[in-house]
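>>> mind looking at a prediction? Sequence and model below.
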Number of protein chains: 2
Amino acid sequence: MEEVKNKQIVLKHYVNGFPKESDMLINDSATINLKLPQGSSTPITGYGVAKVIDSGHSNFKKGDLVWGGTGWEEYSIINAPETLFKIEHTDVPLSYYTGILGMPGMTAYVGFYEICAPKKGEYVFVSAASGAVGQLVGQFAKLSGCFVVGSAGTKEKVDLLKNKFGYDEAFNYKEEQDLDAALKRYFPNGIDIYFENVGGKMLEAVLSNMRVNGRISACGMISQYNLEQGEGVRNLFHIITKSLRMQGFIVTQYYHLYPKYMEMIIPLIKQGKICYIEDIAEGLESAPAALVGLFSGRNVGKQVVVVARE
Amino acid sequence: MEEVKNKQIVLKHYVNGFPKESDMLINDSATINLKLPQGSSTPITGYGVAKVIDSGHSNFKKGDLVWGGTGWEEYSIINAPETLFKIEHTDVPLSYYTGILGMPGMTAYVGFYEICAPKKGEYVFVSAASGAVGQLVGQFAKLSGCFVVGSAGTKEKVDLLKNKFGYDEAFNYKEEQDLDAALKRYFPNGIDIYFENVGGKMLEAVLSNMRVNGRISACGMISQYNLEQGEGVRNLFHIITKSLRMQGFIVTQYYHLYPKYMEMIIPLIKQGKICYIEDIAEGLESAPAALVGLFSGRNVGKQVVVVARE
C-alpha cells in the first residue's frame, strides 16, 4: 500500500483577478507513492497541519505532527522539511496551527508588537478585524491597555468584535457613507496604530486620521489584490507631516520569535484569556469555495478546510 | 534710534495652491522697536541667520549670531529664543546656517543616516537631487560607499549632480516618458534606499523598483503640495510584498543630534570633501519671486535670500 490515490485541488490555468471556483479543478485521479521520491503534480500550496508518514530528515520521524507549507492535497511530499514546525502542544485543537498558533498568529504578533511597539493608552484601529489575524490583534491591543476599534463587513462580525474579541468599538464599513467621518467618530483624538489589512480607500481615510508619530503595520491589502489597477492613495503627504512610519514585513523573517510567541500565547489560550474563531469547511472538495469566499468576506474568523481528522 | 523702519514681506490673503508673487506684499511702512516688547505684525516665517540686537534671555547676548525660525523681515522679535541655535563656527559662509549647517543639513543627515541606516554597496535613489537637501544626500551616500542616482528637472542640474556632487548617475525626469523604465535602466538590481522629496508618480515608479527590505525616507512631496487633490499612488502593496519601511520624520525632533552632525560635517567642509551650492537672491524684495521659483524648480541648489550682510 505504498501507491495511494491522492485527491488534489489544481489550477486549470493562470488566474487574473479574483479566482472563481471554476478556475480550480478537483483532480481525483492523481496518485502518490508514500515512499520517497515523489511523483509529479502541481497542486495549489498553502499552510496546513500534517502528520509525517515517511521522512528522510533526521528532525522528523513517522507519526510527528507538523505545521507549515503543504499542498492542497491529501498527502504531500515536502522538499524543504526544515521550513516545517514540529507540533509540541497537542492539548489544543490541531487546527489552531493553521491560525492562532501558526502563520496568522505570528503575523498578528509580529505586526502588532514588533512593528507597532504599542504603548498603554494608545488608540488602535484594525481593518478586517474579525479575520484570521485581526481577531488576535484586537485582543493583543486590549492586553496592552490600548483602546481598539475594528471594522468588518457584516453585522454578525461587528457583534463578534464587540462581544467576543473585546474590541471597544466596531463598525460595518459597508454601512458607512464616509469612512473619514466614521473614523473621526470613533477616534476624536486620532489613531496611533493602524493594523492594515485592507488598503485603498480605507488606508486613505486612516492616513487623514493618524496622529503624529503613528505607526502603520502593513499586513495585507485585500481590497487591492485582485484589481487590474490599484486604487490610488492620494494623501501620503500625511506620512511626512505627521512623522508616520508605514512598514511591511515578511512574517517568515520573524519565525525565530515563534518560541517566544508560544510562551506567551499557550498560557493565554489555556487560561481562556484569548479566544480564536474558526470557520470550518469540511473536506478538501470544499477548498475552492472556501478560498473564493475570502475575497467577498463570506468567512467568519479563520477559514480552515478539514482534509482529514485524527 | 530704538524705533526703526522694518521692511516686511506679508501675505495679502490666505493662499490656496501655488503661491504667486502677487499674493505677497512688501510692507515698507512697518516699524519696530528694537527694545522689547514688540509692535504687532504678521510676516511670513522661515529659517534665517540673524544677529542679536537685544535680548531678555540669558543664553543670548547682543552681537551673538544665531540661526533658526525668524520672520521675513529685516528685524524680528523672537518669542521662543530657546528654539534658536547659537552659531559657533564663523569661518564658513554664514548663509550655510540656512542650508548645510541648518535645517536642510539636519534633514539630509537624519533622513539618510537615522531613518535609512545605509549599508556599504546599497543602491540609493534621490529625487529633487540638486536641492537644499538632495545635494547632501547624494554626497552622504557616496561617503557611505553606496551607488547613488539622482533625478532633477534641467540639464544644468543633472550636470551638477554628476560633476559636482559625485552622483554615479543622474537623469532629467522631464525627459523620461516612462519613469519606471528610467529607474530600471539605472537600477537593474533595484533600489534599497529612496530619499523621497517628490511624491506622486515618481513615488509610484520607485515602489515598483524597490528591493526587499528597502527603506523610504519621506522627506518631502513637492509635486503634491499645491494640488487640490493629490495624485493617487496605486501600488502601495509593494510595501507588504517587499517588506518596505516608509517613514516620515519631523527634523526638529532630532535636533539633539545637531552637535553630532556638526562634528561630522564641519571637518568635511573644511577638507573640501563635501560641497554645497547656493542660489543667492539679493535683497528681501527678491523673496517672493524666490519662493515662487522653488515650485517650478527655477532655483539651482539651496535658495537663499540675502537680507543684510555682515
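Thanks, I have the structure now.
>>> what about the strands in the stretch 201-310 of chain A?
Here the stretch 201-310 of chain A has its strands, by DSSP state E, counting those that start in this stretch, at A:210-218, A:245-248, A:278-282, A:302-306.
>>> for B:Lys5, which of the ones you listed is the nearest?
Ranking the strands of the stretch 201-310 of chain A by proximity to B:Lys5 (Cβ to Cβ) places strand A:210-218 first, at 40.0 Å. All C-beta atoms are positioned from the backbone trio N, CA, C, and that covers glycine.
>>> in the closest one, what counts as buried?
Within strand A:210-218, the residues scored as buried using 16 or more other Cβ atoms under 10 Å in any protein chain shown are A:210-211, A:214-218.
>>> ok, stretch A:108-120 next?
Buried residues in stretch A:108-120 (16+ other Cβ under 10 Å): A:108-113, A:115-116, A:118.
>>> ok, for whichever residue of the stretch 201-310 of chain A sits closest to chain B, nearest residue in space, not its chain neighbours?
Proximity of the stretch 201-310 of chain A to chain B (Cβ to the nearest Cβ) peaks at A:Gly232, 1.3 Å away. In this structure, A:Gly232 finds its nearest non-sequential neighbour in B:Gly232, 1.3 Å apart by Cβ to Cβ, 6 or more residues apart in numbering or on different chains.
>>> try A:Ala308
A:Glu74 (6.9 Å).
>>> pretty sure the one you found is in contact with A:Leu284, am I right?
Yes: with contacts counted by Cβ atoms under 8 Å, A:Glu74 reaches A:Leu284, the gap being 6.6 Å.
>>> any residues in contact with both of those two?
A:7, A:307 (Cβ atoms under 8 Å, 6 or more residues apart in numbering or on different chains).
>>> buried residues in the strand or helix carrying A:Val158, which are they?
Assigned by DSSP states H and E, A:Val158 falls within helix A:155-163. For helix A:155-163, a neighbour-count test (16+ other Cβ under 10 Å) marks A:157-158, A:160-162 as buried.
>>> from B:Ala141, how far out is the residue of the stretch 51-200 of chain A found nearest chain B?
Per Cβ to the nearest Cβ, A:Gly199 is where the stretch 51-200 of chain A lies closest to chain B, at 6.5 Å. Distance, A:Gly199 to B:Ala141, by Cβ to Cβ, to the nearest Å: 31 Å.
>>> looking at those two, which one has more neighbours?
Between A:Gly199 and B:Ala141, B:Ala141 has the larger neighbour count (other Cβ atoms under 10 Å in any protein chain shown), namely 28 against 24.
>>> can you tell me the helix or strand for the nearest residue to the more buried one once chain neighbours are set aside?
Nearest non-adjacent residue to B:Ala141, counting by Cβ to Cβ, 6+ apart: B:Val148, 3.8 Å away. Element membership for B:Val148 (DSSP H and E) is strand B:147-152.
>>> which secondary structure elements does that strand sit against?
Packing partners of strand B:147-152 (3 or more Cβ pairs under 8 Å, 6 or more residues apart in numbering or on different chains; DSSP states H and E): strand B:123-126, helix B:134-143, helix B:155-163, strand B:169-172.
>>> let me know how buried the nearest residue to A:Gly71 once chain neighbours are set aside is, in neighbour terms.
In this structure, A:Gly71 finds its nearest non-sequential neighbour in A:Pro43, 4.1 Å apart by Cβ to Cβ, 6+ apart. Neighbour count of A:Pro43, defined by other Cβ under 10 Å: 20.
>>> got a pLDDT number for A:Pro43?
With respect to pLDDT, A:Pro43 scores 78.
>>> could you do A:Phe18 as well?
Reading off the model, A:Phe18 has pLDDT 72.
>>> so what's A:Asp192 up against?
A:118-119, A:122-124, A:210-211, A:213-215.
>>> my read: the residue of the stretch 201-310 of chain A closest to chain B touches B:Asn235, true?
No: at 9.3 Å, A:Gly232 does not count as touching B:Asn235 under the criterion of Cβ under 8 Å.
>>> now the helices for chain A?
A:103-109, A:116, A:134-143, A:155-163, A:179-186, A:200-209, A:237-241, A:258-270, A:287-295 (DSSP state H).
>>> how about residues contacting the second one?
Where contact means Cβ under 8 Å, 6+ apart, the residues beyond helix A:116 that reach it are A:193, A:195, A:215, A:217.
>>> can you name the two of these that are farthest apart?
A:Phe195 and A:Arg215 (9.5 Å).
>>> any chance of the strands of the stretch 201-310 of chain A in CSV, plus mean pLDDT and distance to chain B?
Conversion of these to CSV gives the following (pLDDT from 0 to 100; distance: least, Cβ to the nearest Cβ, whole Å):
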stretch, mean pLDDT, distance to chain B
strand A:210-218, 96, 5
strand A:245-248, 95, 4
strand A:278-282, 95, 23
strand A:302-306, 95, 19
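>>> I'd like these as a markdown table, with distance to A:Leu101 appended.
Conversion of the strands of the stretch 201-310 of chain A to a markdown table gives the following (distance: least, Cβ to Cβ, whole Å):
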| stretch | distance to A:Leu101 |
| --- | --- |
| strand A:210-218 | 20 |
| strand A:245-248 | 23 |
| strand A:278-282 | 12 |
| strand A:302-306 | 11 |
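>>> who does A:Val148 form a beta bridge with?
According to DSSP bridges, the residues that bridge with A:Val148 are A:Val124.
>>> residues in contact with it?
A:123-126, A:137-138, A:141-142, A:167-168.
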